[in-house]
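S.K.: structure of the sequence below:
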Amino acid sequence: MLTTEPAAVAAQNITKTFGTDDTKVAALDEVSVTFRPGEFTAIMGPSGSGKSTLMHCLAGLDTVDAGQVAVNSTVITGMSDNDLTKLRRSHIGFIFQAFNLVPTLNAKDNIVLPLDLAGAKVDQDWFDQIIATLGLADRLTHKPHQLSGGQQQRVAVARALLTRPAVVFADEPTGALDSNTGAEVLALLSRSAREMGQTIIMVTHDPHAASYADRVVLLKDGGVLGHLEDPTADAVLAALAELGE
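M.R.: Just a heads-up that it's a prediction; the model follows:
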């Protein structure tokens, strides 16, 4: 059974393998980890440590071979695709490196798309705040092909935050951004956790980005090797050095 401790996201003894026989690799090896409500957590580790696989399994984007995952106390392991879609639409936001914007929609329509699909109204004040923070006011009528990579990422960030999801999964959210905009995005994610109670789970290679988080979960070879509370960039660098990053 999953722990009874309140958690926004919880995984217990999850295992995920790829390949068969001689090529079989354990991307996750009986990983147990919990993420507290309103906590901003960075997941870090060397290449191949299982960071992205863990995030995909936590979000229900990939299945596990064994163990359980729960989001907001709802066990999603074994849940149907239809039920998972409904859960993601109402409780989860995503920020991915690939942006995943709809090419035929302009920036504004991409941002409000999850709300449109859910038949919900836009909170105009929150929309305006996000747009101002991300510097998108003069880009709302542009389609993705008319935007730079950094601008497309900002649209993806706005889309993820607009629905005020309980959990936001972010895969290298500042990878395509300049340092100033990246810092603004990270500050917005931190504020969303602190002021709105959103749980942010971010995969990153960047110790500076990780320093915005409340906690860093360290992975190596598909297992959790430790945690850093209130991380600094220097502390993260030291921890990664010990892992062989």
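
S.K.: what residues sit buried inside stretch 161-168?
M.R.: Using 16 or more other Cβ atoms under 10 Å as the test for burial, stretch 161-168 gives 161, 162, 163, 165, 166, 167, 168. All C-beta spots, glycine's among them, are computed from the backbone N, C-alpha and C.

S.K.: shaky segments in this structure?
M.R.: In the predicted model of the chain, residues 1-5, 245 satisfy pLDDT under 70.

S.K.: what about residue 234, how many neighbours?
M.R.: Residue 234 is flanked by 10 other residues according to other Cβ atoms under 10 Å.

S.K.: skipping adjacent residues, who's closest to it in space?
M.R.: Of all residues not flanking residue 234 in the chain, residue 207 sits nearest, at 7.8 Å (Cβ to Cβ, 6 or more residues apart in numbering).

S.K.: what residues does the helix ranked longest in the chain touch?
M.R.: Under DSSP state H, the helix in the chain containing the largest number of residues is helix 179-196. Contacts of helix 179-196 from elsewhere in the structure, counted by Cβ atoms under 8 Å, 6 or more residues apart in numbering, are 38-40, 130, 133-135, 150, 153-154, 157, 161, 164, 168, 170, 173-174, 177, 198-200, 202, 209, 212-214.

S.K.: now with 6 Å, please.
M.R.: Here helix 179-196 makes contact (Cβ atoms under 6 Å, 6 or more residues apart in numbering) with 38, 40, 133, 157, 174, 198, 200, 209, 212.

S.K.: could the buried residues of stretch 161-168 be laid out in a markdown table, adding distance to residue 194?
M.R.: Shown next, in a markdown table, are these (distance: Cβ to Cβ, whole Å):
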| residue | distance to residue 194 |
| --- | --- |
| 161 | 14 |
| 162 | 18 |
| 163 | 18 |
| 165 | 16 |
| 166 | 15 |
| 167 | 15 |
| 168 | 13 |
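
S.K.: only the buried residues of stretch 182-189, if you could.
M.R.: Taking 16+ other Cβ under 10 Å as the basis for neighbour counts, the residues of stretch 182-189 that come out buried are 182, 184, 185, 186, 188, 189.
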